[in-house]
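# Predicted coordinates and the sequence they were generated for:
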Number of protein chains: 2
Amino acid sequence: MSEAPALKHVQVREYVRALCEGAPPGSAAPSERELVQRFGVARMTVRQAMDSLVNEGLLERMPGRGTFVAKPKGEVGRLTSYTEDMAKRGLLPESSTLLARREQAGPGVARALDITEGDAVIHWKRLRRADGAPMCIEDAYLNEVILPGFLQSGMPTSLYDALEARGLRPTWAEDSVSADVANDDEAALLDVEAGAPVLRVARRALHEDKCVEVSRSVFRADRMTVYVQFADAR
Amino acid sequence: MSEAPALKHVQVREYVRALCEGAPPGSAAPSERELVQRFGVARMTVRQAMDSLVNEGLLERMPGRGTFVAKPKGEVGRLTSYTEDMAKRGLLPESSTLLARREQAGPGVARALDITEGDAVIHWKRLRRADGAPMCIEDAYLNEVILPGFLQSGMPTSLYDALEARGLRPTWAEDSVSADVANDDEAALLDVEAGAPVLRVARRALHEDKCVEVSRSVFRADRMTVYVQFADAR
DNA sequence: CAGTGGTCTAGACCACGGT
DNA sequence: CCGTGGTCTAGACCACTGG
């Protein structure tokens, strides 16, 4: 057993999630009163479970008709790592480390990571490929204080998997995306001509109000498009 | 009176929203039991009201302590128009129309707008400036069927304001962002050299599952950065 | 009509934080 | 200790949808 939260609304939620996760959009979810019967629980408890699934976007309520599996409409701004991003695009991600060492934070990195100048940080620079060809150069700084022994533990392929294993997967991130041309060094690494268009992406990723990663990536424009979804809640 | 929804959880929600909307982050919201007293309602009703404000991101619960005004942490992926975007950056937006006419939808536009080829569409091409200097060229197609008389009504400055006035403000949008270099025509309009880096943004905007706008914009890379925020709900 | 979700009540016990 | 939010109960009536 990994864990069995006695919380009834969690039990109901996970039961319904398992039922509906793979189901085609438009499928009917169990009705609330049906779940009341099955779990021997009050309807408010079932509603609490369903509410969270509706908020997640997995389900959709239709008053008078029932509750149904919603069509995904894309995952709204799902926070993904390079590895996950490439996998979703059907490309094989690879990385080679150009640099990985402990450093003292400079003023810019310190401010971005919300630590004080001179604090220890992990500087990790990688050339990332997709289906064998260069895709981007990523220059990441991690907060060493909350990642003890990260460099010694052998560098993982997916940073976000490693963070998740420590319970530090980013829950919020901000990217700034701009266009530019490659300089000579970048062009050589990315296997394009100097002056070729590139996409520069700067990311600041937080886990519950603590900044765990700040990075700058430069992507080959001919290989990368950034997709962004916006939803007006309210 | 505009309207007074008898719905109690709405009354409570709007009461609390009015109290907290302008309040500084960290301020205490009324406690749930206090609201129970004030409105003479059940606690589940108060919780329903507070839940929606917490989901909106206005409030934050701290078990054992109370409920507090959350710090905004940026508006997550707020869906904005060019006009709003520039205003938020503190720049003065201007537009000059390069083309505005009724056309028959071609295959690509028809698919994007989710209409049939040959249906009437509004084609609106503008050169957009910010603080006097060229910022981008925007090429937009609108679904004429749901915007009768749009061309005749005099073109507004802000498309999204005009859509909002018709109750058709986009509630969801997807952008694809890529880097490229300007061709000769674009360079001339944007007042840069041919081959200068540009950001290409293609947008598809829906109002409640109906596509109202599809557009392609090309931004001067030296003047534009796209900011994106991601939040993992759950 | 029967079934659905939407709203609402009037309580209850718990774990937690601060005094 | 008391007040907070978190969970939960066992009902109720309503508006809406479908057959």
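Alright, I've got the coordinates.

# make it CA atoms for all contacts and neighbour counts henceforth
Fine.

# For chain A, which segments count as strands?
In chain A, the strands defined using DSSP state E lie at A:59-62, A:66-69, A:93-104, A:120-130, A:133-143, A:172-181, A:197-207, A:210-220, A:226-231.

# got the contact list for residue A:182?
When contacts are counted by CA atoms under 8 Å, 6 or more residues apart in numbering or on different chains, residue A:182 touches A:193, A:194, A:195, A:196, A:197, A:198.

# Kindly recompute the last result at 10 Å.
Applying CA atoms under 10 Å, 6 or more residues apart in numbering or on different chains, we find residue A:182 in contact with A:188, A:190, A:192-200, A:218-221.

# List only those of these flagged as buried.
With neighbours counted by 16 or more other CA atoms under 10 Å in any protein chain shown, the contacts of residue A:182 contain buried members at A:190, A:192, A:195, A:196, A:197, A:198, A:199, A:200, A:218, A:219, A:220, A:221.

# For those, which two are the farthest from each other?
Greatest spacing in those, by CA to CA: A:192 and A:200 (15.2 Å).

# re earlier: which one of the contacts of residue A:182 sits closest to DNA strand D?
Nearest to DNA strand D among the contacts of residue A:182 is residue A:200, at 39.3 Å by CA to the nearest atom of the strand.

# who in chain A is up against DNA strand C?
Counting by CA under 7 Å from any atom of the strand, the residues of chain A close to DNA strand C are A:29-34, A:43-44, A:61-67.

# can you rerun that using 10 Å?
A:28-36, A:42-48, A:50-51, A:54, A:60-68 (CA under 10 Å from any atom of the strand).

# Make a PyMOL selection of whichever of the residues you listed turn out to be buried.
Buried members of those, defined by 16+ other CA under 10 Å, are picked up in PyMOL with:
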select buried, chain A and resi 28+29+32+35+36+45+46+47+48+50+51+54+60+61+67+68
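
# just the residues of chain A next to DNA strand C that are near DNA strand D?
Answer for these near DNA strand D (CA under 10 Å from any atom of the strand): A:33, A:36, A:42-48, A:62-66.

# Skipping adjacent residues, who's closest to residue A:203 in space?
Excluding the flanking residues, the one nearest residue A:203 by CA to CA, 6 or more residues apart in numbering or on different chains is residue A:175, at 4.4 Å.

# Now for that neighbour: which residues touch it?
Counted by CA under 10 Å, 6+ apart, residue A:175 has contacts A:200-205, A:214-216, B:225-230.

# at 7 Å what do you get?
Residues counted as contacts of residue A:175 (CA atoms under 7 Å, 6 or more residues apart in numbering or on different chains) are A:201, A:202, A:203, A:204, B:227, B:228, B:229.

# is the last one in a bridge, and if so with what?
Think residue B:229. Residue B:229 forms beta bridges with residue A:174, as assigned by DSSP bridges.

# next one: the third one
For residue A:203, the beta-bridge partners are residue A:175, residue A:215 (DSSP bridges).

# from what I can see it touches residue A:218, true?
No - Residue A:203 sits out of contact with residue A:218 when judged by CA atoms under 7 Å, with a separation of 11.4 Å.

# pLDDT of stretch A:164-172, averaged?
What stretch A:164-172 shows for mean pLDDT is 85.

# how long is that stretch from one end to the other?
End-to-end span of stretch A:164-172 (CA to CA, to the nearest Å): 13 Å.

# sorry, back to before: list only buried entries from the contacts of residue A:175.
Looks like the contacts of residue A:175 have A:201, A:202, A:203, A:204, B:228, B:229 buried, using 16+ other CA under 10 Å.
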